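S.K.: Would you be able to build a 3D model of this:
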Amino acid sequence: MIKDLQLGNAMEQPCLVRLQKIGTSSNGKAYAKGVLEDNSGSVPFICFEAGPISRLRSLTAPSPCQISGKVDINKYSNQMGLQVIVHEVASVSPDMDLSVLLPSGNIDLDQLTLELKTWMRRIQHPGLEKLVHTILSGDTLTRFLRNPAGTRLHHAYVGGLLHHTVSMTKLAAAMGSTIGDVDMDLIIAGALLHDVGKIREISGEIGFPYTTEGRLMGHISIGAMAVDRAARKIPEISPELRQKLLHILLSHHGDQEKGSPVPCATKEAFIVHYADEVDSVMNQFHQKERPDSWEFDKMLQRYLYKA
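M.R.: Predicted structure coming up:
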């Protein structure tokens, strides 16, 4: 497994290959580089051999491959971590269980599902309670429980969307109770639904690729449109309440510079935004593989220390 690799190890295992670049070095030699993944973690790779480079060049998306190579120091990175020098790239066995290549967050999906449903039942407003149960049901719920919340950064593993949603709903509710004079039902509903568009933005298939719809529209727009359609069919949800809920979804990244169509303008929107941000940042520590070490975090663009 990738998490067990050590300097000098020979590597021979199936991996999900994410090709990042094929280029030519200063001495005129071709190379390919990218990332290898399995459900235990990821590691950068580089390849200088013509045969494997030709095979890698044919990959049009993250793909499962049988990789042979050797673990070395990544001399091409400021972090000087480990990388794999790839010597061979082959096809995986056709009967291989590809789920072993999907990142795992070491989370209890059954427990998180129970917690999600508990939070859904805590909504007192009949219209919002009906809306949340209407949206998080059927195929949408099935995908919601399995999808990642991201492809590379925070909660990028099976069940990551569920994990993130439950965790940040807890944070948002705690913040709302502490601050006071807020609409707790609106906060909980907004937290539970803020990323629902990600089930159509990101595929749960191998490699977690973006969908065409996701690339064209983004999860904020997709989610807001779905919630708007459903809310309009529920008489108990007034136009004003619907607008306040949609504002939470549309502003949950905080500012337009961070991808939100509108900036936060209500107490409830600020609370959901900050809960979302804090949980995303804390997840970087959850994903760190080794305690008592410094690791460079690409999302935050800084070194993080996990004691």
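S.K.: Every contact and neighbour count from this point should use C-alpha atoms.
M.R.: Noted.
S.K.: For N78, give me the pLDDT.
M.R.: Looking at N78, its pLDDT is 60.
S.K.: contacting residues for V166?
M.R.: L112, E115, L116, L192 (CA atoms under 8 Å, 6 or more residues apart in numbering).
S.K.: Direction included, what does the longest strand seen in the chain pair against?
M.R.: Once the chain is assigned using DSSP state E, the strand that runs over the most residues is strand 10-24. Using DSSP bridges, strand 10-24 pairs in its sheet with strand 30-38 (antiparallel), strand 63-73 (antiparallel).
S.K.: Which strands or helices does the helix or strand that the first one is followed by pack on?
M.R.: Pointing back at strand 30-38 there. Using DSSP states H and E, the helix or strand that follows strand 30-38 in sequence is strand 41-47. Counting by 3 or more CA pairs under 8 Å, 6 or more residues apart in numbering; DSSP states H and E, the packing neighbours recorded for strand 41-47 are strand 30-38, strand 82-90.
S.K.: Could you dump these into TSV with mean neighbour count and distance to M175 added?
M.R.: Formatted as TSV, the helices and strands packed on strand 41-47 follow (neighbours: other CA atoms under 10 Å; distance: least, CA to CA, whole Å):
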stretch	mean neighbour count	distance to M175
strand 30-38	21	36
strand 82-90	21	40
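S.K.: Tell me which of these sits nearest to R146.
M.R.: In terms of CA to CA, the element of the helices and strands packed on strand 41-47 nearest to R146 is strand 30-38, at 16.9 Å.
S.K.: What are the contacting residues of the closest one?
M.R.: By CA under 8 Å, 6+ apart, strand 30-38 touches 1-2, 14-25, 42-50, 53, 56, 100-103.
S.K.: Now do that strand against strand 82-90, angle only.
M.R.: Going by axes from the mean of the first three to the mean of the last three CA atoms, to 10 degrees, strand 30-38 is angled at 100 degrees with respect to strand 82-90.
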